[in-house]
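Novice: The following comprises the amino acid sequence and a computationally predicted model.
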Amino acid sequence: MSAPEELQYGGYCPECKTHHELPAQPAMQAAAALFTALEENTLPLATEYLFGPARGKMFGVLVARDRTGQEQILKGFSGQHNGEWLIPGWVPPLFDVNQFTMINTPEEKRIKSLSAQLADTTCTREIQTLKAARKTRSQTLMKELHHLYILHNFKGEQRPMARFFPPDKGMPTGAGDCCAPKLIQHALQNELTPIGMAEFYFGCENRSQTRRHGHFYPPCASGCAPILGFMLCGIKG
Ligand SMILES: [Zn+2]
Ligand SMILES: [Zn+2]
């Protein structure tokens with residue numbers, strides 16, 4: 001496992017009109033240790049499914065110092081792991097999981113029932129109506145869920161995540177669910193000063209073959225690059 005010397009995590013900060021970055025090198029040792037623990041299955045976290053049809057995912061570590069100068073290592077996984085947002089020992093998502101579930105579960109049921117009705121009908125007009133209804137419901141649900149994502153930074157400021165994406169296009173799927181934003185948000189909410197961060201892929205390579213087992217990757221351009229600069233704003237060097 002190795003990463004290019006210059007690998008960094010961060011982005012453009014619209015507040016300061018400059019870039020804020022975290023280097024990957026200080027987190028390399030911790031990343032390698034996490035990789036080994038996942039390979040040897042010594043963590044209370046099932047990894048077999050990452051080699052099945054669900055395929056692999058990104059994992060990340062953030063090395064930080066606490067107020068006493070002690071080194072702390074945070075671990076994160078992208079999105080959900082095996083259907084779970086919260087797993088002890090791993091950083092949580094950016095939103096309140098109870099709130100998310102309260103909005104998501106009933107609406108997801110309604111959307112599934114529309115799909116079931118669609119599968120049952122052959123009437124063209126009804127198909128069109130049902131499809132339109134399903135699309136509207138899904139889009140509204142996505143918007144409501146995205147409202148739960150509030151980004152913080154090291155100056156104690158907060159902004160709705162939606163503000164960092166063009167309003168006409170909306171937010172890309174999975175924005176805010178990558179390891180990097182989860183790790184940074186958890187660090188700043190626990191008064192930890194990050195020193196380095198690294199993200200690697202673990203499991204069966206993705207369909208488009210842009211992610212391979214044991215390789216390090218920079219922050220994703222669609223979801224992370226627009227937000228990490230703001231989140232790192234105010235960090236002490
Ligand atoms: Zn990302
Ligand atoms: Zn800034």
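Specialist: Noted; the coordinates are in hand. Ligands and ions are numbered 1, 2, ... in the order given.
Novice: just checking, L141 touches N104?
Specialist: Yes. Here L141 lies in contact with N104, judged by Cβ atoms under 8 Å, at a distance of 7.0 Å. C-beta: built from backbone N, CA, C; applies to glycine.
Novice: okay, now the closest residue to E71 other than its chain neighbours: neighbour count?
Specialist: Of all residues not flanking E71 in the chain, R65 sits nearest, at 6.0 Å (Cβ to Cβ, 6 or more residues apart in numbering). Counted by other Cβ atoms under 10 Å, the residues lying close to R65 total 15.
Novice: what does the domain assignment say about the chain?
Specialist: 8-94+150-231, 95-148 (automatic domain parsing).
Novice: how far does stretch 92-100 stretch from start to finish?
Specialist: End-to-end distance for stretch 92-100, by Cα to Cα, to the nearest Å: 13 Å.
Novice: what does that stretch rub up against?
Specialist: With contact meaning Cβ atoms under 8 Å, 6 or more residues apart in numbering, stretch 92-100 is reached by 85-86, 145, 148-151, 161, 176-177, 181-182, 185-186.
Novice: Just confirm G10 is within a strand.
Specialist: Yes. When classified by DSSP: H, G, I helix; E, B strand; the rest coil, G10 is found to be part of a strand.
Novice: Would you agree I87 falls within a strand?
Specialist: No. Counting by three-state DSSP, I87 is not part of a strand but coil.
Novice: hang on, isn't it packed against G76?
Specialist: No. Using Cβ under 8 Å, I87 makes no contact with G76, being 10.1 Å away.
Novice: neighbour count winner among these two?
Specialist: Each of I87 and G76 has its neighbours counted (other Cβ under 10 Å); G76 has more, 26 against 17.
Novice: ok, back up a step: would you mind listing which of the contacts of stretch 92-100 are buried?
Specialist: By the neighbour-count criterion of 16 or more other Cβ atoms under 10 Å, these include these buried positions: 85, 145, 148-149, 151, 161, 176-177, 181-182, 185-186.
Novice: any idea which of those residues is closest to C13?
Specialist: L151 (11.5 Å; Cβ to Cβ).
Novice: Identify the bridge partners of that closest one.
Specialist: The partner list for L151 in beta bridges (DSSP bridges) reads R159.
Novice: and the chain, which of its residues are near ligand 1?
Specialist: 178, 220, 223-224 (Cβ under 5 Å from the ion).
Novice: picking that back up, what are the phi and psi values at the residue nearest to E71?
Specialist: Dihedral pair for R65: phi -110, psi 140, per degrees, to the nearest 10.
Novice: any idea how far T140 is from it?
Specialist: 43 Å (Cβ to Cβ, to the nearest Å).
Novice: again, but for H152
Specialist: According to Cβ to Cβ, H152 and T140 sit 26 Å apart.
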